[in-house]
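Participant: The sequence and its predicted three-dimensional model are supplied below.
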Amino acid sequence: MKIRSILTLLTTVIIGSLALLSCSHNAEDIPAGGQVKLRLNLFVNTEETKALRGVPSENATRADWYYEGPANQWEGVESLRVIIVRDNENKTIEHNTLLTFPETEQIQQKLGEWTFPVEGGEKKFIYLVANENSLSEDTQEILSTLYPGRNFTTNLQNILVKTAGETPFIDNNGTRKTYVPMTEYFEITVKERDPELEVTEDSASLFITRAVSKFSFTAKGTQNDKKGIRIKTITVSNLATEAYLFPKETTYTPGKYSVSDEPMGGRVITGFETPESAAMWNYTFTPEAFGVAGNTMPDNLTSSYTPLTYLLESGAENFTVYVTTVTDNDVEFTYGPVKLPNLPRMARNTHVVVAFTFNGANMACDVRVVPYTGITLNVEYGFDFIVKPPKPREPSTN
């Protein structure tokens, strides 16, 4: 196994809080036996959360990094599966519940509240999976057939997600879209039920993490590039064909079970494990009207390019980029390979922002690793605004 250490990568996490309250699925019910009730409130951050973040500098350091919300509906939540397993002799499955949300609620503030009866006074293994329809049919079957009351014999942390050949895991650049998968795994200990109390309360801070990463690009020229250039292709190396569905041997700063004082509850991924079977491949982005405008290029040429392309985390030692450009008289020129600085590893849930600067036959790259948050699971705190989902809607592939 490869345990990767990363010192300069931020993960965007979806921060949450689960409160353990009493029994059954109705808040007014009295708990039975030694059970407590797990109450879950689900909130989704929106574009409004951008007001809570800072703006990174041109050459951002770790202290300058910031957190951003979901860029579109497809980075929101269509479904959430909650699997709770007891740490008893048989590892009994207590709950396997799939929550689904209509399109009108996927980017709104509060999606709802649910409760789960759990046995108190013991450790729990909690698995969270959002947007499972983006996973393979085999994986969906594994998740859906973990029936409550049965023994937990499946090692979910060894499940892999894979690309279909040398293609992105999710390509939302066309008319059909797919929701981005998100997962996390926790071990928490629930306090024993107090027989003197009608309701015994307990709580634990949890979060979920997007299982993919993405790139975006900007371009500018210098005084030597007055004519302008159009960027035809961008090729990034050392992307992975496979990754674990759940973060494996992943460490965070602040720690996974610590309260984060970072903006929007953000965390830094400081290490993660990748499967030995993962192969490396190169992916080529093909923007249509991206580059440096100049004096002779078309008016529709833009200086930024944000593809809806989602890739798997990679434990490669370094990443390089090739850029092919076209001038106004259709002369092609290829820059690179240029090493992407500030990107020694590419953890899941990372937004890699690459800034190109062209100076004649030379190209420089500046990289900012920007984490983005998306979902808050919090019983007491949330955002007191509601933002309607973006329109128009496009059909999902699911």
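Facilitator: All right, it came through fine.

Participant: all contacts plus neighbour counts: C-alpha atoms, from now on.
Facilitator: Fine.

Participant: SS state for residue 168?
Facilitator: In three-state terms, and counting by DSSP: H, G, I helix; E, B strand; the rest coil, residue 168 is coil.

Participant: I'd guessed it sits against residue 308; true?
Facilitator: No - look at residue 168 against residue 308 with Cα atoms under 8 Å: they stay out of range, at 10.1 Å.

Participant: of the two, who's got more company?
Facilitator: Using other Cα atoms under 10 Å, the more surrounded residue of residue 168 and residue 308 is residue 168, with 20 against 17.

Participant: Tell me if residue 141 really is in a strand.
Facilitator: No - under three-state DSSP, residue 141 sits outside any strand and is assigned helix.

Participant: Could you give the number of residues near it?
Facilitator: 10.

Participant: Tell me the pLDDT of the closest residue to residue 228 other than its chain neighbours.
Facilitator: Excluding the flanking residues, the one nearest residue 228 by Cα to Cα, 6 or more residues apart in numbering is residue 294, at 3.7 Å. Confidence at residue 294, expressed as pLDDT, is 76.

Participant: wait, doesn't residue 294 sit right on residue 220?
Facilitator: No - between residue 294 and residue 220 there is no contact under Cα under 8 Å: 9.6 Å.

Participant: quick one: the strands in the stretch 1-150 of the chain?
Facilitator: Remark: strands assigned in the stretch 1-150 of the chain by DSSP state E, counting those that start in this stretch are 2-11, 13-20, 35-44, 79-86, 93-100, 110-119, 122-130.

Participant: neighbours around residue 270, how many?
Facilitator: So residue 270, with other Cα under 10 Å, has 21 neighbours.

Participant: typed the wrong thing, it's residue 239
Facilitator: For residue 239, the neighbour count with other Cα under 10 Å is 22.

Participant: Kindly report the same for residue 330.
Facilitator: Neighbour count of residue 330, defined by other Cα under 10 Å: 10.

Participant: Now do it against residue 123, distance only.
Facilitator: In this view, residue 330 and residue 123 are 65 Å apart by Cα to Cα, to the nearest Å.

Participant: before we move on, what about residue 318?
Facilitator: Residue 318 is 39 Å from residue 123, by Cα to Cα.

Participant: Might one say that residue 186 is in contact with residue 127?
Facilitator: Yes - Residue 186 lies in contact with residue 127 (Cα under 8 Å); the separation is 6.7 Å.

Participant: neighbour count winner among these two?
Facilitator: Per other Cα under 10 Å, whichever of residue 186 and residue 127 has more neighbours is residue 127, with 20 against 17.

Participant: mind listing what the more buried one touches?
Facilitator: 81, 82, 83, 84, 183, 184, 185, 186 (Cα atoms under 8 Å, 6 or more residues apart in numbering).

Participant: In terms of secondary structure, what does the host helix or strand of residue 238 contact?
Facilitator: Element membership for residue 238 (DSSP states H and E) is strand 229-240. Other helices and strands packing on strand 229-240, by 3 or more Cα pairs under 8 Å, 6 or more residues apart in numbering; DSSP states H and E, are strand 280-285, strand 291-292, strand 309-312, strand 320-326.

Participant: Kindly reformat those strands as a markdown table containing distance to residue 212 and mean neighbour count.
Facilitator: Formatted as a markdown table, these follow (distance: least, Cα to Cα, whole Å; neighbours: other Cα atoms under 10 Å):
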| stretch | distance to residue 212 | mean neighbour count |
| --- | --- | --- |
| strand 280-285 | 15 | 15 |
| strand 291-292 | 26 | 28 |
| strand 309-312 | 5 | 23 |
| strand 320-326 | 19 | 19 |
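
Participant: so which of the ones you listed gets nearest residue 172?
Facilitator: strand 309-312 (6.2 Å; Cα to Cα).

Participant: any idea of the mean pLDDT for that closest one?
Facilitator: Rounded mean pLDDT across strand 309-312 is 96.

Participant: just checking, what packs against that strand?
Facilitator: Taking 3+ Cα pairs under 8 Å, 6+ apart as the contact cut, strand 309-312 packs with strand 170-171, strand 212-221, strand 229-240.

Participant: Take the ones you listed and write them to a markdown table, including mean pLDDT.
Facilitator: Shown next, in a markdown table, are the helices and strands packed on strand 309-312 (pLDDT from 0 to 100):
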| stretch | mean pLDDT |
| --- | --- |
| strand 170-171 | 96 |
| strand 212-221 | 92 |
| strand 229-240 | 95 |
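
Participant: Walking through the stretch 151-300 of the chain, point out its strands one by one.
Facilitator: 160-162, 170-171, 182-190, 202-210, 212-221, 229-240, 242-244, 251-253, 267-274, 280-285, 291-292.

Participant: Residue 99 is nearest to which of the helices and strands packed on strand 309-312?
Facilitator: Closest approach to residue 99 among these (Cα to Cα): strand 212-221, 21.5 Å.

Participant: Flag the shaky bits of the stretch 201-350 of the chain, pLDDT-wise.
Facilitator: Across the stretch 201-350 of the chain, the ranges flagged by pLDDT under 70 are 203-205, 223-226, 259-268.

Participant: Give the residue spans of the stretch 1-150 of the chain that score low on pLDDT.
Facilitator: Residues of the stretch 1-150 of the chain meeting the criterion pLDDT under 70: 1-33, 39-69, 103-113.
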